[in-house]
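Enquirer: Sequence and predicted structure are below.
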Amino acid sequence: MRYTAPGFLLVALVTLLAVILSIVLAVNVARKRVRYGVQAPSMSGHPEFERAFRIHANTVEYLAPFLAALWLCAIYLQPLVAAIVGVVWIVGRIVYAFGYSAAAAKRTPGFGISMAALILLVLGALVGIVSAYLGQPWR
Amino acid sequence: MRYTAPGFLLVALVTLLAVILSIVLAVNVARKRVRYGVQAPSMSGHPEFERAFRIHANTVEYLAPFLAALWLCAIYLQPLVAAIVGVVWIVGRIVYAFGYSAAAAKRTPGFGISMAALILLVLGALVGIVSAYLGQPWR
Amino acid sequence: MRYTAPGFLLVALVTLLAVILSIVLAVNVARKRVRYGVQAPSMSGHPEFERAFRIHANTVEYLAPFLAALWLCAIYLQPLVAAIVGVVWIVGRIVYAFGYSAAAAKRTPGFGISMAALILLVLGALVGIVSAYLGQPWR
């Protein structure tokens, strides 16, 4: 495993994009807080603010699981496959953000895309780990 | 350090299990939201839903610290030790989920188990990092 | 890349410090919950508790993005630079915790410091990844 191999550079870029997305969603919460006059530390008071808050919170709740599964899939299965599924996760999260921003009921498609991508990464990582175990010389 | 060494494969598996646990707890929040008719983006309205929400939120809040301490302990101290303590953390979180689900007062034992495991991982990582520093050839 | 090189040992220490900070902030939420009699699973009821809750939640929301950017910057750009900017992030988060604890309006300076450090880490990681791509032998 070389971190400078092209596949891993893509995985690193996908990681950075997910980090940038989480920052953008957080900035959006701060903007909505000011716009709708929701005083900190309150996390409720206006539906637009509450949706922006939940978009950010839900995405960040899935960020550690996503990054862990992404890198395990990259290391143990294949970096390029992990990077591509990682892009799908990010696209799903962007669709989720725009959908949920419009209406709570429209949050489902984007969430579904990102959840499917996460499950693929978990399965990919699992296959990779089991293969690495089966390929052990000491077995 | 070889990521395909048996100890690291176990650490990778523990990481995947923690990721899967976080997904299961999230799915449980979604199920309770539907069952008790709590409309998104609201995060309150029924105690059963609120407990499910807090079980997930609290576990996810500790996921990044746990995974960071787990891998530092694995890399700098010993992967097998890290994997075993990591399993204890996951068991603690499952006990926490079932306990808290039954009643808020029953959330303490599982939380205590997972917190003890996290502190052990932090201490193990610290010992490993200091040992690696003391073992530097340039010292 | 050697994880036992002095620069990486510092990055590992910064990671541990961030983990310890997140635990300290979580313990503070539990203490305030008891002191002000806020019953779990409720996350509101007393402004002191709510501020302690938000200090922890906001710091943890940024923990996965911070750790991801820190390590990408360390691996692809330079570990010592990453460690130093990482310390700035932690200092910013401590300033944020004390400021927000005193009053919601005093949360801004510490947040600004940690956000500036995070953006530096993201930019550093981006420069490092692009440089690694440009230095590929197959290009």
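Expert: Looks like it came in fine. Numbers count the residues shown, from 1 in each chain, chains lettered A, B, ... in the order given.

Enquirer: Give the rounded mean pLDDT of the host helix or strand of A:V24.
Expert: Under the criterion of DSSP states H and E, A:V24 resides in helix A:6-35. Mean pLDDT, computed over helix A:6-35, is 96.

Enquirer: what about that helix, near chain B?
Expert: No. For helix A:6-35, no contact with chain B is found by C-beta under 8 Å from any C-beta of the partner chain; the gap never falls below 11.6 Å. Backbone N, C-alpha and C define where each C-beta goes, glycine included.

Enquirer: Can you mark which positions in that helix are buried?
Expert: A:6-16, A:18-23, A:25-26, A:28-29, A:32-33 (16 or more other C-beta atoms under 10 Å in any protein chain shown).

Enquirer: Would you tell me which residues of chain A are close to chain C?
Expert: Proximity of chain A to chain C (C-beta under 8 Å from any C-beta) is limited to residues A:3-4, A:6, A:9, A:12-13, A:15-16, A:18-20, A:22-23, A:26, A:39-43, A:56-57, A:60, A:63-64, A:67.

Enquirer: ok, now with 6 Å
Expert: When proximity is defined as C-beta under 6 Å from any C-beta of the partner chain, chain A approaches chain C at A:3-4, A:9, A:12-13, A:15-16, A:19, A:22, A:40-41, A:60, A:63-64, A:67.

Enquirer: and which of those residues is nearest chain B?
Expert: Nearest to chain B among the residues of chain A next to chain C, counting by C-beta to the nearest C-beta, is A:A64 at 4.4 Å.

Enquirer: Taking helix B:6-35 as reference, get the angle to the helix or strand in which A:G124 is found.
Expert: Assigned by DSSP H and E, A:G124 belongs to helix A:108-134. Angle, helix A:108-134 to helix B:6-35, by axes from the mean of the first three to the mean of the last three C-alpha atoms, to 10 degrees: 160 degrees.

Enquirer: near chain B at all, helix A:108-134?
Expert: Yes. Counting by C-beta under 6 Å from any C-beta, contacts between helix A:108-134 and chain B involve A:125, A:129, A:132-133.

Enquirer: pLDDT below threshold where in chain A?
Expert: Scanning chain A for pLDDT under 70 picks out the ranges A:1, A:137-139.

Enquirer: roughly how far apart are the closest residue to A:Y3 other than its chain neighbours and chain B?
Expert: Using C-beta to C-beta, 6 or more residues apart in numbering or on different chains and skipping the chain neighbours, the partner closest in space to A:Y3 is C:I75 (5.7 Å). Using C-beta to the nearest C-beta, to the nearest Å, one gets 13 Å for the distance from C:I75 to chain B.

Enquirer: Neighbours of C:I75, how many?
Expert: Per other C-beta atoms under 10 Å in any protein chain shown, the neighbour tally for C:I75 reads 22.

Enquirer: End to end on stretch A:96-109, go ahead and measure it.
Expert: 7 Å (C-alpha to C-alpha, to the nearest Å).

Enquirer: What residues of it count as buried?
Expert: Buried residues in stretch A:96-109 (16+ other C-beta under 10 Å): A:96-97, A:99-101, A:104, A:107.

Enquirer: starting at the chain centroid, how far to it?
Expert: 16 Å (C-alpha atoms, centre = their mean, to the nearest Å).

Enquirer: can you check stretch A:102-112 too?
Expert: Relative to its chain's centre, stretch A:102-112 lies at 15 Å (C-alpha atoms, centre = their mean).

Enquirer: Also stretch A:29-45?
Expert: In terms of C-alpha atoms, centre = their mean, the centre of stretch A:29-45 is found 24 Å from the chain centre.

Enquirer: Alpha carbons of it, in CSV - could you do that?
Expert: Output in CSV follows, covering the C-alpha atoms of stretch A:29-45 (Å, rounded to 0.1, in the frame of the first residue of the first chain):
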residue,chain,number,x,y,z
VAL,A,29,-26.5,26.5,9.9
ALA,A,30,-24.7,29.7,11.2
ARG,A,31,-26.2,31.8,8.3
LYS,A,32,-29.7,30.5,9.0
ARG,A,33,-29.2,31.1,12.7
VAL,A,34,-28.5,34.8,12.0
ARG,A,35,-31.2,35.2,9.3
TYR,A,36,-34.0,33.7,11.5
GLY,A,37,-32.7,35.2,14.8
VAL,A,38,-32.3,31.9,16.6
GLN,A,39,-30.2,32.7,19.7
ALA,A,40,-27.4,30.3,20.7
PRO,A,41,-27.4,27.9,22.4
SER,A,42,-31.0,27.2,21.2
MET,A,43,-31.2,24.7,18.3
SER,A,44,-34.8,25.3,17.5
GLY,A,45,-37.2,28.2,16.8
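
Enquirer: what residues does that stretch touch?
Expert: Applying C-beta atoms under 6 Å, 6 or more residues apart in numbering or on different chains, the contact partners of stretch A:29-45 are A:46, A:48-50, A:52-53, A:56, C:50-51, C:54, C:104.

Enquirer: that older thread, pick out the most distant pair among the residues of chain A next to chain C.
Expert: Spatial extent of the residues of chain A next to chain C (C-beta to C-beta) is set by the pair A:T4 and A:P41 at 43.6 Å.
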